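# sharing a model prediction with you, sequence too.
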Amino acid sequence: MSKLTQSPAWLALQAKAEELRPQRVVELFARDEDRPARFSRDAVGLHLDFSKQKIDAETVELLLRLVDQQHLVEWRHKLFSGEIVNTTEGRAAGHMALRAPETAVMPINGVNVVPVVHAELDRLNAFAARVRSGQWSGHSGKKITDVVNIGIGGSDLGPHMACVALDSFADGPHAHFVSNVDAAQLTALLEKLDPDTTLFIVTSKTFTTQETMANAHAARRWFLRSAPESAVPKHFVAVSTSRAEVAKFGIHAENTFGFWEWVGGRYSLWSAVGLPILIAIGPERFRQFLNGARAMDEHFRTAPWISNMPVLMAMLGVWNNNFLGCTTQCIAPYSQRLVHITAWLQQLEMESNGKGVDREGHKVDYATTPALWGDVGTNGQHAFFQMLHQGPAIHAVDFILPIQAEHDLADQHQMLIANCFAQSAAMMRGKTADEVREELIGRGLKGDALEAAIPHRVFTGDRPSNTLLLSTVDPYHLGALLALYEHRTFVQSVVWNINPFDQWGVELGKQLAQHVLMAMSGKDTPLDGSTRSLLKRIS
Ligand code: F6P
């Protein structure tokens, strides 16, 4: 048994879960009229309603006791003061420095990094402004119309998600994203592009990632079919922490934008990795994006636990996951603009907290990250919501809804809002057998047919959800929303005593892919029987 699961705060929460399990959330509402006010918070233009969670006031107190027991104050201090929190790689995690204003002081290993961050941001702003204005043109003098980001994981998911989210603010060249080593993605895109007006951004923290390098080389070959080698610098720039690897690829130092080893891949969209966003929306709006995240950093750093949105959200996640047995977390953004946020969150949360050993290397005996999944509303309602409403397992849901639409089809936005609120209400209240019976009798059903129909139409309800409202999907509020989830992930890692900043679990598959490739080219390499048989099948 781990220290955590034997700790007083943990045991008290277990007892609380036993007490609340038989109680329905609708009953808790009936007993406490102040519930919506008691269980909602505002921060940085976001409103979190968690009144539909299976909690009472004491649950929140106990969850915050667990936060204290796990030393969140100390860990937050370590994070913000640039200490080595990623112990297995000996690194700080300094993504908050990327959104700090010029006047701020954010030390990493004792050195204030804000000046270097801003020096690089100035270079990025100047480059983006030149591309946007046409001052930076293609080799034949034509203005850049299309920007293709080639990267994967954190070097793709963040900028891709943000470019789609902020598309209504975009007034620069079109942004495209290529990540998959399945060249179907790259080739389909290239067919539509004109090499003379296309700029490739090759984005990779390490600049050795197999998929990215393969796509970058293929893109260069495509480009050279219609342009001389000397034209490459006008059409290929790089974003990386490794200038040496970039130079090997042949991209000039002046066309290379850097970031630092203390920026984790999945926390990197605020750095040069955000260049596609910057080119699409321009420096001014990119600054607003950073400012929104910065405001959330300040909220997380200073607000007392009881009003601290990332802390409360994290602890509600822990409550559902570790005490009420929800093994998955569904993300349901009621916003087409946020269609890619789930993919970004999957990497953020599952690569960060999908760990089976604690900081000391001991196997954990409690659940860590839940599986995270989802899709936009209302689409999800016509696909997987059936399971959320009536499946035997209970899943936690985050509904995310912008209050203002950025289009003028107001009636459709009203429908979107109505559907979002209706789904969370249905998940909470459910529908009893008596209610179903009455409804069916009203429709003329009786006898055996009535009795047979009832169980299929019953909803148990009591399915927990958060509703997160943001005024609109604009740069500032998107920045705040993403930083909220980043800090939620960090808080959960502290509770679970795991390192959220490494990702050793991705290495084995990478190594084995090399072995399989070797075997495919006829080299003798040790492989298991199943893989050997699959290889035989395709040869
Ligand atoms: O394999 C996982 C990973 O290392 C992620 O953590 C990272 O975001 C992604 O690959 C891409 O890495 P890079 O930016 O170095 O190409």
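Okay, I see it.

# quick check: residues of the stretch 351-500 of the chain near the ligand?
Neighbours of the ligand within the stretch 351-500 of the chain, by Cβ under 6 Å from any ligand atom: residue 351. Heads up, the C-betas are built off the backbone N, CA and C, glycines and all.

# where do the helices sit along the stretch 301-450 of the chain?
Here the stretch 301-450 of the chain has its helices, by DSSP state H, counting those that start in this stretch, at 309-318, 341-345, 352-353, 385-390, 410-429, 433-442, 447-457.

# counting contacts, what elements does the third one pack onto?
The contact analysis (3 or more Cβ pairs under 8 Å, 6 or more residues apart in numbering; DSSP states H and E) places helix 352-353 against helix 475-496.

# enumerate the residues of this structure near the ligand.
Counting by Cβ under 6 Å from any ligand atom, the positions of the chain adjacent to the ligand are 152-155, 204-206, 209, 212, 265-266, 351, 503, 506.

# put the buried members of those into a ChimeraX selection.
One line in ChimeraX is enough to select the buried members of those, burial here meaning 16 or more other Cβ atoms under 10 Å:
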select :152,153,154,155,204,205,209,212,265,266,351,503
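
# how about CSV for the residues of the chain next to the ligand, with pLDDT added?
Output for the residues of the chain next to the ligand, formatted as CSV (pLDDT from 0 to 100):
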residue, pLDDT
152, 98
153, 98
154, 98
155, 98
204, 97
205, 96
206, 95
209, 96
212, 98
265, 97
266, 97
351, 98
503, 97
506, 93
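
# including mean pLDDT, could the helices of the stretch 301-450 of the chain go into JSON lines?
Below are the helices of the stretch 301-450 of the chain laid out as JSON lines (pLDDT from 0 to 100):
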{"stretch": "helix 309-318", "mean pLDDT": "98"}
{"stretch": "helix 341-345", "mean pLDDT": "98"}
{"stretch": "helix 352-353", "mean pLDDT": "98"}
{"stretch": "helix 385-390", "mean pLDDT": "98"}
{"stretch": "helix 410-429", "mean pLDDT": "97"}
{"stretch": "helix 433-442", "mean pLDDT": "97"}
{"stretch": "helix 447-457", "mean pLDDT": "97"}
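
# which ones are touching residue 442?
Going by Cβ atoms under 8 Å, 6 or more residues apart in numbering, residue 442 touches no other residue.

# domain ranges for this protein?
Domain assignment of the chain by automatic domain parsing yields the ranges 8-69+303-502, 100-288, 505-538.

# let's have those domains in TSV, adding distance to residue 1.
Formatted as TSV, the domains of the chain follow (distance: least, Cβ to Cβ, whole Å):
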stretch	distance to residue 1
domain 8-69+303-502	6
domain 100-288	31
domain 505-538	25
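
# weakest of these in terms of mean pLDDT?
Here the lowest mean pLDDT among the domains of the chain goes to domain 505-538, at a mean of 93.

# from the chain's centroid, how far away is that one?
Mean-position distance between domain 505-538 and its chain equals 31 Å (Cα atoms, centre = their mean, to the nearest Å).

# give me the buried positions along that domain.
Within domain 505-538, the residues that qualify as buried are 519, 527, counting by 16+ other Cβ under 10 Å.

# just the terminal-to-terminal distance for it.
End-to-end distance for domain 505-538, by Cα to Cα, to the nearest Å: 28 Å.

# go on, stretch 77-88?
19 Å.

# locate the residue of the protein with the greatest distance from its centre.
Largest separation from the mean C-alpha position in the chain: residue 447, at 50.9 Å (Cα atoms, centre = their mean).

# roughly how far does that one sit from residue 103?
Counting by Cβ to Cβ, to the nearest Å, the gap from residue 447 to residue 103 is 77 Å.

# if we can go back for a sec, looking at the residues of the chain next to the ligand, which are in helices?
residue 212 (DSSP state H).

# leaving out chain neighbours, which residue sits closest to residue 518?
Nearest non-adjacent residue to residue 518, counting by Cβ to Cβ, 6 or more residues apart in numbering: residue 525, 4.6 Å away.

# host element of that neighbour?
Using DSSP states H and E, residue 525 falls within no helix or strand.

# check contacts around it.
By Cβ under 8 Å, 6+ apart, residue 525 lies in contact with 515, 518-519.

# try residue 483
Counting by Cβ under 8 Å, 6+ apart, residue 483 touches 99, 292-294, 296-297, 300.

# quick one, strands of the stretch 251-400 of the chain?
Using DSSP state E, counting those that start in this stretch, the strands of the stretch 251-400 of the chain run over residues 256-258, 328-333, 371-374, 396-402.

# would you turn those into JSON lines with distance to residue 429 and mean neighbour count?
Below are the strands of the stretch 251-400 of the chain laid out as JSON lines (distance: least, Cβ to Cβ, whole Å; neighbours: other Cβ atoms under 10 Å):
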{"stretch": "strand 256-258", "distance to residue 429": "51", "mean neighbour count": "20"}
{"stretch": "strand 328-333", "distance to residue 429": "17", "mean neighbour count": "24"}
{"stretch": "strand 371-374", "distance to residue 429": "22", "mean neighbour count": "19"}
{"stretch": "strand 396-402", "distance to residue 429": "14", "mean neighbour count": "24"}
